[in-house]
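# Test case, fold it:
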Amino acid sequence: MSKKKGIIFGAIGVACAAIIIGFCCVFFGNKAVKGVPQTLYVDSIEGNYFLITDFSGEYTYRFKLEHLIDEEYFMVSEVDSKSNMLNLSEQNLGIIAGDNYRFSVCFVLENEKGAYSQTMEWQPNLTLSEIEYDFVEFQEDSALLTWKQVYLADGYSVRLVDQNGVVKEFQTQTNQISLDNVQVGRYKIFIMATSKNSYIFPSLLGEGKEILIKRQNQILSADRKPNNVLSLSCSQQIDKVEIFVDGKLKATLDIENVEKDGTLFLYHFSKVGFILNDIDFETSIVQLKTLESEFVFESDLIQLK
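Residues are numbered from 1 along each chain as shown. As a prediction, the model looks like this:
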C-alpha cells in the first residue's frame, strides 16, 4: 500500500471513529428525563401571581401558558425557568379578572424535556389596591375631599366616623366628593375602591385619615322681639355671641337654648333686656357676631335693628 493511500484510509478511519463516538455520546451519554411534576398551582405573593410546581434539584423547568379566547385555548408562550416558581405577572399574559387560563409544566435536562404535567385551569380574582392615605386631601374652603385614583376601580365608598362612633357613608364614581353637607367636627375617614366586575374584590379600608371639617358661621337673621328677647338664626352651632354698640363691645352672651330647624340653628336670649334697654336703637349702631369655637369660625358682624 502506498503512503498516500495509507493517509487517506487513516483519515477515513478517524472520521468514522468520531462519528461513532458522537453517536454514543448522544444516545448513551445524556440522561433521560424521568418523572413528571405532580403539583401545579397559583399563589399570590406580595401582589404578584406565581405559578408554582414541584421542586427538583436535578432538572430545570418549562412552563406552558395558555389563554382561553372564543372558547378555545391558545398557547401564549413556553417559558424556561431555573426556578420552580414562575412570576405570571411578568409574562405576556395580560391577566384579566374572570378570564380563563390553563397551565402545565415539565422537567428539562440540557436539551431533553420530559412529559408535561396535567393541566390546571385558573380564573383569577383580583383585589383592588388600597387607597394611599398620604395623598388624600381635604380642602377646607371648598369642603372637597380628593384622593388618587385606583387602577380598575369603578367607584368608591367613603365612610366618615365621628367622635361618637357614628358612621356616615357616601358613594361616588370619581376620586373626589364634596362634604359640604356634613356637619362640622372631627372625623376619621375611610375610603374603599369598588368595581362592578364580580371577579374584582373591593380594596381594604386601610388605616384611614383624620380630618377636621370647619366652617364660618353665617348669621342668617337677628331679630329683637318684644321685651327685648333676642333671636338668632345661624348656619352652625355656636357657643357665644358678642354685642357691639357703636363699634365698642357691650356684652358677651352665653347660649341659653338652641333649636334645630332643618339645617339651621335657632337661638333665643331672654335675659338680655337689661343690656338692650339701655341702648337707643335710633341713634346707635348695634351689631352682633358669633365667636369662634373648636370647629366654627367667627361670623361677620350683622346689624341688629
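# what packs against the strand or helix carrying residue 42?
When secondary structure is defined by DSSP states H and E, residue 42 falls within strand 40-45. The helices and strands touching strand 40-45, judged by 3 or more C-beta pairs under 8 Å, 6 or more residues apart in numbering; DSSP states H and E, are strand 48-53, strand 101-109, strand 120-122. The C-beta positions use only the backbone N, C-alpha and C, and glycine is treated the same way.
# go again using 10 Å as the cut-off
Helices and strands touching strand 40-45, by 3 or more C-beta pairs under 10 Å, 6 or more residues apart in numbering; DSSP states H and E, are strand 48-53, strand 85-87, strand 101-109, strand 120-122.
# Check which residues of it are buried.
By neighbour count, with 16 or more other C-beta atoms under 10 Å as the criterion, the buried positions of strand 40-45 are residue 40.
# and the residue nearest to residue 146 when sequence neighbours are not counted, what is it in contact with?
Counting by C-beta to C-beta, 6 or more residues apart in numbering, the nearest residue to residue 146 once its immediate chain neighbours are dropped is residue 176, at 4.3 Å. With contacts defined as C-beta atoms under 10 Å, 6 or more residues apart in numbering, the neighbours of residue 176 are 137, 139, 144, 145, 146, 147, 149, 156, 158.
# Residue 176 and residue 136, how far apart?
Remark: distance between residue 176 and residue 136 (C-beta to C-beta, to the nearest Å) = 10 Å.
# which residues are common contacts for these two?
In contact with both residue 176 and residue 136: 145, 146, 147, using C-beta under 10 Å, 6+ apart.
# which of those residues tops the neighbour count?
Comparing the shared contacts of residue 176 and residue 136 on neighbour count, residue 145 comes out first with 24 neighbours (neighbours: other C-beta atoms under 10 Å).
# Off-centre distance for the helix or strand hosting that one?
The secondary structure element spanning residue 145 is strand 144-146 (assigned by DSSP H and E). The offset between the C-alpha centroid of strand 144-146 and the centroid of the whole chain comes to 15 Å, using C-alpha atoms, centre = their mean, to the nearest Å.
# hmm, who's touching it?
By C-beta under 10 Å, 6+ apart, strand 144-146 touches 135-139, 158, 160, 170, 172, 174-180, 182, 189, 191, 209, 211, 213.
# who's in contact with residue 271?
By C-beta under 10 Å, 6+ apart, the contact list for residue 271 reads 228, 229, 230, 253, 254, 256.
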